[in-house]
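Asker: Could you work out the structure for the sequence below:
(one chain, ligands or ions: 1)
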Amino acid sequence: MRVGVIGTGIAGLTAAWLFQRAGAEVTVFEKQLRPGMDAHSIEFEIEGMAVRTDVPPRMFNDSLWPNLARLYREIGVQSESIEPSKSFARFDLSGSSTSIAESLLLRLGASYQLNLAPRLLLNASTRQILKDIKRMMAVAPVAILHPIRLTMGEYLRANDYSDSFIFQFLYPALSSTVCTCSYESLDDYPAEILLGAMLKLTGSEGLYRTRYGTQDVVRRLIARIDDVRLGTSISNLGQTRTEALVTTDACESFGFDHVIVATQANVARLLLEPSLVREAAMLGQFRYENVPVVVHTDQRLNLHRRQDWSHFNLISSADHRTAMCTIWMNRFCPDWQIKTPIFQTIMPIVRPLPDQVICAANLQRPVVDQQSIRGLELMDGLHSESDRRIWFCGSYASPGIPLLESGVVSSLKVAEKLGVGWPDKCGI
Ligand SMILES: Cc1cc2nc3c(=O)[nH]c(=O)nc-3n(C[C@H](O)[C@H](O)[C@H](O)COP(=O)(O)OP(=O)(O)OC[C@H]3O[C@@H](n4cnc5c(N)ncnc54)[C@H](O)[C@@H]3O)c2cc1C
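Answerer: Next up is the predicted model:
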């Protein structure tokens, strides 16, 4: 079987790995010069040392990412637990130019065990947030067993959750870390998806990172694939009765028995030849939001007092309509022997000072709503056709929050349709 894979994010790499293991002849195309999953990672020098960091830094555990964790075990990726403490604060530029993060609210450790300064317990809004956290954690297991079919916004309103809980705790955490999307998109998320994810994220298991970074994952997934064409952008995708055809920007054409399109949905749509109308309609159901990420040393994007810094610092805008997450990278990468605090801020509310920026990336993330769920139904229909040669996978292409897990699951699903599964079960 000749298989072409377009895109080398986690979805494309997983698909390529599965098919190569099953004996297929695999060709991989990636428009960037580096495999996409690791394309934004950087190496830089500080205090005379070379350090490398993934951009963005990604986390996982066995509960919310069971298939990713299995894949990592299969390919021998080592992982390390990370300390999941979070500080929540409000961003305030009005105080002084150096003190922008004020009103430290809560510091949470694993399993939402609270580590609160006694003075904070006197605060009525803090007490309300704690009450609502407990309430949500108590009802979440029931909501998942008996899906409530409400959006998150509807669910929160129907159950009278307090504004303090929503805008000082829940939305800052979901918007700037787990989902990386706007508050408006959080309102539209199916409630059971977010509640289920929160339970799996806050269990006793904790969170992990890959020990040697994304570079190591990519190297292991790609190692045995003979034909990897980096810097090769696909511009057209079509099919005949016997082949799926891809054409590169340089007008080179390739025919395959099957092509797996593992680009973002909005990009995949632009590649389709005009006759692929149903595929275009399906891909049009998925919406993306921009997610800026900056690696920097500007402490103004963190809490004012260093003793209040957690590993993840979630800072709401003054109007509580948006939030950023400043990750203290020295904690994320404990092997770094450097004193200068290095931060990675996701969706910064203000730009770090230019001379303190190490790198900046503009990423995109799919959002989940009723329309994207409709898109998944359409995709299931297309993928059930017996003569199908063009397949779609990616983090958007599986139910749930678009995480590395959904990328892996979407590729597994396509592979299974073609008779390929995990290595112990595969063979074509
Ligand atoms: C800030 C942030 C933090 C995140 N943190 C986490 C986390 O902690 N844990 C987690 O599980 N997930 C996390 N995610 C989500 C995760 O990174 C994504 O779900 C995942 O990387 C998406 O993988 P993918 O394979 O679907 O797509 P992508 O990684 O987008 O891959 C698509 C690939 O297709 C290539 N391509 C596009 N067009 C063409 C073309 N014409 N020809 C050839 N190649 C093409 C692209 O260059 C790219 O390499 C985070 C996301 C963001 C933005």
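Asker: Would you mind listing what in this protein touches the ligand?
Answerer: Applying Cβ under 6 Å from any ligand atom, one finds that the chain approaches the ligand through 6-12, 29-32, 36-37, 39, 56, 58-60, 180, 233-234, 262-264, 267, 271, 291, 293, 346, 363, 365, 394-395, 402-405, 407. Placement of C-beta: from N, CA and C, glycine included.
Asker: which residues sit against stretch 196-216?
Answerer: With contacts defined as Cβ atoms under 8 Å, 6 or more residues apart in numbering, stretch 196-216 is touched by 37-38, 41, 52-54, 57-64, 72, 77-82, 84, 110-112, 136-137, 140-141, 144, 178, 217, 332, 400-401.
Asker: end to end, how far does that stretch reach?
Answerer: Using Cα to Cα, to the nearest Å, the end-to-end distance of stretch 196-216 comes to 30 Å.
Asker: Can you mark which positions in that stretch are buried?
Answerer: Within stretch 196-216, the residues that count as buried by 16 or more other Cβ atoms under 10 Å are 196-202, 206-210, 212-216.
Asker: Could you do stretch 304-322 as well?
Answerer: His304, Trp309, Ser310, His311, Phe312, Asn313, Leu314, Ile315, Ser316, Ser317, His320, Thr322.
Asker: Ok, stretch 335-345 next?
Answerer: Neighbour count says stretch 335-345 has Trp336, Pro341, Ile342, Phe343, Gln344, Thr345 buried, by 16+ other Cβ under 10 Å.
Asker: go on, stretch 35-44?
Answerer: By neighbour count with 16+ other Cβ under 10 Å, stretch 35-44 contains the buried residues Pro35, Gly36, Met37, Asp38, Ala39, His40, Ser41.
Asker: Where does the residue nearest to Asn362 when sequence neighbours are not counted fall, secondary structure wise?
Answerer: Leaving aside its chain neighbours, Asn362 sits nearest to Pro292 (5.4 Å; criterion: Cβ to Cβ, 6 or more residues apart in numbering). Assigned by DSSP states H and E, Pro292 belongs to strand 287-296.
Asker: Listing partners with orientation, what would you give for that strand?
Answerer: Take DSSP bridges as the rule and strand 287-296 pairs in its sheet with strand 343-346 (antiparallel), strand 357-367 (antiparallel).
Asker: can you tell me which residues contact the residue nearest to Asn362?
Answerer: Counting by Cβ under 8 Å, 6+ apart, Pro292 makes contact with Ile346, Met347, Pro348, Ala360, Ala361, Asn362, Leu363.
Asker: Can you select the buried ones among those residues for me in PyMOL?
Answerer: Burial among those is assessed by 16+ other Cβ under 10 Å; the matching PyMOL selection reads:
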select buried, resi 346+347+348+360+361+363
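Asker: of all the contacts of Pro292, which two lie farthest apart?
Answerer: Pro348 and Leu363 (12.8 Å; Cβ to Cβ).
Asker: how is the chain carved up into domains?
Answerer: Domain ranges of the chain: 2-47+56-77+211-287+368-417, 85-205+298-351, per automatic domain parsing.
Asker: returning to that earlier point: among the buried residues of stretch 304-322, name the ones in strands.
Answerer: Those of the buried residues of stretch 304-322 mapping onto strands are Phe312, Asn313, Leu314, Ile315, Ser316, per DSSP state E.
Asker: isn't the first one right next to Pro84, touching?
Answerer: It stands for Phe312. Yes. With contact taken as Cβ atoms under 8 Å, Phe312 and Pro84 are classed as touching, separated by 7.2 Å.
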